[in-house]
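Enquirer: got a predicted model here, sequence first, then my questions.
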Amino acid sequence: MLQVTVHEDGDFCRLELAGRLAGPWVLEIEYAWRSALHSGRQIELDMRQLTGVDDAGRELLLAMHLAGVRPVEGVWMKGIVEEITEDRPIDDTMRVSRNKRASRDQRSGSRRSN
């Protein structure tokens, strides 16, 4: 489950997420973000209360970052924000993400075989 709270103040709009950005909630956040884009305000994404993100959520966060959304991350999301905000083209970012997952899978697989 995910809760989104929209804070609008002057020249900025902050989308505050609480819970897990996954499954059907990804589309809900995308809708809230695209609605906020029409306001012309600077958009901030407050992820301090975000507890997890699935692959579709990561792709949305990357798209939001590339569109200029400013992340406000919490301790749990710091690694995801660093991964998303690296200065790489989209294709390279996705390849790195896939390689990291494959590397983790290989490490866990090699432990099982020992």
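Expert: Now that the structure is in, tell me what you want to look at. Because the structure is predicted, anything quoted here is derived from the model rather than measured.
Enquirer: could you show me where the helices are in the chain, in order?
Expert: 24-37, 55-66, 78-84, 90-113 (DSSP state H).
Enquirer: which of those has the lowest average pLDDT?
Expert: Ranked by mean pLDDT, these bottom out at helix 90-113, with a mean of 45.
Enquirer: tell me who's in contact with Gly19.
Expert: 1-3, 25, 49-51 (CB atoms under 8 Å, 6 or more residues apart in numbering). Yep, even glycine has a C-beta here, placed from its N, CA and C like the rest.
Enquirer: just the buried members of those?
Expert: 2, 25, 50-51 (16 or more other CB atoms under 10 Å).
Enquirer: check the gap between Glu44 and Pro24 for me.
Expert: 24 Å (CB to CB, to the nearest Å).
Enquirer: next: Trp33.
Expert: Applying CB to CB to Trp33 and Pro24 gives a distance of 15 Å.
Enquirer: same question, Arg48
Expert: Applying CB to CB to Arg48 and Pro24 gives a distance of 22 Å.
Enquirer: those two: which has the busier surroundings?
Expert: Counted by other CB atoms under 10 Å, Arg48 and Pro24 do not tie: Arg48 has more neighbours, with 13 against 8.
Enquirer: wait, the more buried one sits on Val72?
Expert: Yes: under the criterion of CB atoms under 8 Å, Arg48 makes contact with Val72 at 6.5 Å.
Enquirer: contacts only, for the residue nearest the centre of the chain.
Expert: By CA atoms, centre = their mean, the chain has its centre lying nearest to Leu61, at 3.2 Å. Contacts for Leu61 (CB under 8 Å, 6+ apart) come out as 21, 45, 53, 71, 80-81, 84.
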